[in-house]
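Peer 1: sequence plus the predicted model coming up.
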Amino acid sequence: MRAMSNYHPVTLFLFYFGTFILIMSIQSLILAIGCLTMLVLINKGQDPRFRVFSFFIHQGWMSFVILVINVLMNHRGTHPLFYLGKNPIMLEAVIRGLIMGASILCLILIFTSLNLILTTGKILFLFGKVVPRFTLLTVITLRFMPLLRKRFIEIKHVQDMKGLSITTGHFRKRLRHGIMLIQLLLTFSLEEALQTADSMESRGFGLDRKRTSYVSYRFDRKDTFWCLIFFGLILMYVILQRQFYPDTPFFGYTMITLDDSLFPKGQAIWLLILSLTYFSCPFFIEGRERIRWYFYKLKT
Amino acid sequence: MVLLQVENLTFNYPNEPEPVLKDLSFTVNSGEFVLLTGPTGCGKSTLLRHLKPVIQPIGDKTGSIYVDNKPIDRYPKKEMAQAVGFVFQDPDNQIVMDHVEQELVFGLENIGLNRSEIKKRLAELVHYFGIGAWMDDPIDELTGGQKQLLNIASVLLLNPKIILLDEPTSQLDPISTKGFFDLLHHLNQELGITIILVEHRLEHVYDLCDRMMFMNHGQIVYNDTPKEVLYHLWESKDENVKDMKHWLPNIAELYLTFDPQPERDLIPLNVNEGRAWLKSLHIHEKEVRKDQEVGIKDTILQAKNISFKYHRKGKKIIEHLDLSIYQEDFLAIVGSNGSGKSTLLKVLSGILKPQEGSIYYKHQKLKKTDRRVLGYCPQNPKYYFLQDTLKKEMNDLVQRYEIPSAKEKIDEWLHHFSLHMVQDRHIYDLSGGEIQKAVLACLLLTDPDIILIDEPTKGLDPFVKERFAECLSEINKKGKAIVLVTHDIEFASKYAKRSGMMFRGEMSEVEKATDFFKQNHFYTTAINRITRQRGIPHVLNLEEAKLKWHVQKPY
């Protein structure tokens, strides 16, 4: 499901920006779970190698920690479950924690997908004109991540052989070894990066303020169409959300009531429908492409 | 037509008593392929960097450099970026972007070319290089050879008049190296691009280049055709170029050793020329007493039926491999890139645990506590040092392992490898050979039984390589087993006792090194290639020829 990557970077950016807004403003558990499901489906569609189970195992612990902290710290609500010492454990806090945990997972999923669809070339195109130096720096940093990882594994192996293990032994010793390895990695990489700088300069980097961009993207009718759709959906969502929760801030940690977050009624159902529609846009895009292809084959 | 002119160039790094470059003058004509070589530290890289102003080292410089009769310092920067291209040593470090296409256009975007012009140049070049298939690939997935190809391609897109290359193949395996030089030859012959290449001795470069400049101690000692320079290197009694016979390629050295009346124009530089020359000789085999068999001693390290892969669903890097290492063994493992050599070394050392099979040390399963008996020298020796000087590192090791009579041991090994001069220098300021020896000295502190070395000769000059090999042989004689993984066939054939080849995770029969290399067709020495099945005594290298050959003058 890569039909999306053929769209203009602006369209794509708008879409991901929208998902970001939606996720940040989730107030109900149903909505959070709905969004999470949709995002898992999107990721699975875009990258068949995406392993759902191992994703939840590897990333889920962070959500779990947030859930636990929230349950222990937050005592606002009307439905105490039980008492831990003198502190009541509230059902609201549990739900709030679940929402937050799900939102974190959603954000990770958004960035996973973004990484796949909005490639560095597109990032350069989007921001290259506005903040050229910064964008280039970001892109180069991105390139160095896998390199650093490879080097670190290599260093870990070599030092492990010398008896500086970061996987066995006393915790404090491991920590110290870890810091020493990182230090080695950074010194080494900085030294090596001098050559990168030389290589950039010798190919004329920084000579001309008017750096051109080779990659070009055409903003055509389908982009206009989808931009309007995305924009419209987000706008409607924001307006509805404001009407429904007039007193709470749009983003951020807010108090919730049980009814709203568990059993959406009236306008809240609309919010749910709107966001799910928004998240199914990638599937529509994919479907449109497939249908077009089908008819194209039929004609020829 | 003179393209590049250097006049009385002298350069001194700050705080150094002696200049690195001493009053150099030379010219390079348009369309020439110049090889610049010399021992480590002779100043060849420094000289090369002076030819590209943005990467000139900082220090006191006198003299002048002209490109196209224009002083290089007053050359407009943008034109300079295009006129002189530079390819660096490490394939990874000089790549900036993360996809092939973006990397290629990086320079063109920098000089502000418009899109259609970039597209045109790109299309042309991609076609010429035949790299269309991996245009969309992430850099991460390329091999070292492909990366270096990409680097030269992205420099070429700028339409340079001259390309400078600083040891571009030091990180590549022999097959990629050959490919890379063939490409350079094509660029030079077909596009007329001027090339200045800094390299160590490599068998086939001499055959490709038009001119060879040999540097030593900051001076250009010889500047002539390769054959002429090689002849001089052989003949010269000059103090300045003593011990430089190592720079001769094997076939040429064989010729100069055995031909009764060597002539400089007839020095053979490739296999065909070598064979033609041998035809004219009458060679008889001398009676040689059988050289001693490698005494099979006790097995010290044994791998039994090991299999290894990095990921659960990944492909097996090592498959059902058996290998025994004996006391005082010197085993060289050769094989192409990706055949699993380095991984095997890590498994043997216990860094990686095989999924199937086990490693036995003296018939007991290898335990973590056994690590002191195994020394592992990584492919990149810089990964070994946590401290900034060798002395600190050694002291640190001594403390960690609680080694008795540490001071004497440290001194012993420092002297043994003649490293006492550099023990207080920063590790990153050591030369390639010194840093290899430094790792070896550290490893030997814990008195290991087996030393495992990954690609020790990468980027070493022939002289240093020889010294390093002597070090290895010496510690081998002291009873240490040595296992090394290498691409350097000449090196392996000369020093190893036993040898084996890895292919797709499996190991061929491990044989006596001389037998092993004599049977090979491709993975073998140049001298073996010219002497096999020629009706003359079949030898592997110069040393063997000296033992076995008796040459008579042609009638």
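Peer 2: Right, received. Where do you want to start? Residues are numbered from 1 along each chain as shown, chains lettered A, B, ... in the order given.
Peer 1: what helices and strands are in contact with the helix or strand where A:Leu194 lies?
Peer 2: Assigning secondary structure by DSSP states H and E places A:Leu194 in helix A:171-202. Taking 3 or more Cβ pairs under 8 Å, 6 or more residues apart in numbering or on different chains; DSSP states H and E as contact, the helices and strands that helix A:171-202 lies on are helix A:132-161, strand B:84-87. C-beta coordinates here come from the backbone N, C-alpha and C atoms, glycine included.
Peer 1: and if we set it to 10 Å?
Peer 2: With contacts defined as 3 or more Cβ pairs under 10 Å, 6 or more residues apart in numbering or on different chains; DSSP states H and E, the packing partners of helix A:171-202 are helix A:132-161, helix B:77-83, strand B:84-87, helix B:100-110, helix B:144-156.
Peer 1: out of these, nearest to B:Leu187?
Peer 2: When the helices and strands packed on helix A:171-202 are compared by Cβ to Cβ, helix B:144-156 sits nearest B:Leu187, at 7.3 Å.
Peer 1: how about the CA coordinates for the closest one, as PDB?
Peer 2: Extracted in PDB, the C-alpha atoms of helix B:144-156 (Å, rounded to 0.1, in the frame of the first residue of the first chain):
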ATOM      1  CA  GLY B 144      32.000  -0.900   0.000                       C
ATOM      2  CA  GLY B 145      32.900  -1.200  -3.700                       C
ATOM      3  CA  GLN B 146      29.600   0.200  -4.800                       C
ATOM      4  CA  LYS B 147      30.000   3.100  -2.400                       C
ATOM      5  CA  GLN B 148      33.300   4.000  -3.700                       C
ATOM      6  CA  LEU B 149      31.900   3.800  -7.300                       C
ATOM      7  CA  LEU B 150      29.100   6.100  -6.100                       C
ATOM      8  CA  ASN B 151      31.700   8.500  -4.700                       C
ATOM      9  CA  ILE B 152      33.600   8.800  -7.900                       C
ATOM     10  CA  ALA B 153      30.400   9.100  -9.900                       C
ATOM     11  CA  SER B 154      29.200  12.000  -7.800                       C
ATOM     12  CA  VAL B 155      32.500  13.800  -8.300                       C
ATOM     13  CA  LEU B 156      32.400  13.100 -12.000                       C
END
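Peer 1: and it, what does it pack onto?
Peer 2: For helix B:144-156, the elements it packs on are helix A:171-202, strand B:84-87, helix B:100-110, helix B:115-129, strand B:162-166, helix B:174-191, judged by 3+ Cβ pairs under 10 Å, 6+ apart.
Peer 1: residues of the stretch 251-400 of chain B that sit close to chain A?
Peer 2: Neighbours of chain A within the stretch 251-400 of chain B, by Cβ under 10 Å from any Cβ of the partner chain: B:310, B:313, B:342, B:346, B:349-352, B:368-369, B:371-372, B:374-388, B:393, B:396-397, B:400.
Peer 1: report the buried members of the residues you listed.
Peer 2: Buried subset of those (neighbour count, 16 or more other Cβ atoms under 10 Å in any protein chain shown): B:342, B:346, B:349-352, B:371, B:374-386, B:393, B:397.
Peer 1: spell out the secondary structure type for B:Leu323.
Peer 2: Secondary structure, DSSP: H, G, I helix; E, B strand; the rest coil: B:Leu323 is strand.
Peer 1: wait, it touches B:Gln302, no?
Peer 2: Yes - between B:Leu323 and B:Gln302 there is a contact at 7.2 Å, judged by Cβ atoms under 10 Å.
Peer 1: okay, and which of the buried ones among the residues of the stretch 251-400 of chain B next to chain A map to strands?
Peer 2: Judged by DSSP state E, those include B:374-377 as members of strands.
Peer 1: tell me which of those is nearest to chain A?
Peer 2: B:Tyr376 (4.5 Å; Cβ to the nearest Cβ).
Peer 1: what pLDDT does the closest one get?
Peer 2: Looking at B:Tyr376, its pLDDT reads 90.
Peer 1: got the end-to-end distance for stretch B:532-545?
Peer 2: Distance between the two ends of stretch B:532-545: 12 Å, counting by Cα to Cα, to the nearest Å.
Peer 1: cool, stretch B:355-367 as well?
Peer 2: 15 Å.
Peer 1: chain center to that stretch, what's the gap?
Peer 2: Averaging C-alpha positions (Cα atoms, centre = their mean, to the nearest Å) puts stretch B:355-367 33 Å from its chain's average.
Peer 1: and stretch B:447-466, by the same measure?
Peer 2: With Cα atoms, centre = their mean, you get 11 Å for stretch B:447-466.
Peer 1: what's the answer for stretch B:524-535, then?
Peer 2: Taking Cα atoms, centre = their mean, one finds stretch B:524-535 lying 23 Å from the centre of the chain it belongs to.
Peer 1: and what of stretch B:46-56?
Peer 2: 23 Å.
Peer 1: ok, which pair from the ones in strands among the buried ones among the residues of the stretch 251-400 of chain B next to chain A is furthest apart?
Peer 2: Top of the distance list for those (Cβ to Cβ): B:Leu374 and B:Cys377, 10.8 Å.
Peer 1: what is in contact with the two at once?
Peer 2: A:161, B:349, B:443, B:451-452 (Cβ atoms under 10 Å, 6 or more residues apart in numbering or on different chains).
Peer 1: strands of chain A, start to end?
Peer 2: Going by DSSP E, chain A shows strands at A:80-84, A:87-90.
Peer 1: low-scoring stretches of the stretch 151-300 of chain A, by residue?
Peer 2: Scanning the stretch 151-300 of chain A for pLDDT under 70 picks out A:208-209, A:252-261, A:264.
Peer 1: please redo it, this time with the cut-off set to 80
Peer 2: Where the stretch 151-300 of chain A drops to pLDDT under 80, the residues are A:163, A:165-169, A:206-213, A:215-216, A:244-268, A:300.
Peer 1: what about the nearest residue to A:Gly178 once chain neighbours are set aside, neighbour count?
Peer 2: Nearest residue to A:Gly178 in three dimensions, chain neighbours excluded: A:Ile166, at 4.7 Å (Cβ to Cβ, 6 or more residues apart in numbering or on different chains). A:Ile166: 18 surrounding residues under other Cβ atoms under 10 Å in any protein chain shown.
Peer 1: so what's A:Ile166 up against?
Peer 2: With contacts defined as Cβ under 10 Å, 6+ apart, A:Ile166 is in contact with A:156, A:159-160, A:173-182.
Peer 1: most surrounded residue in those?
Peer 2: A:Asp160 (23 neighbours).
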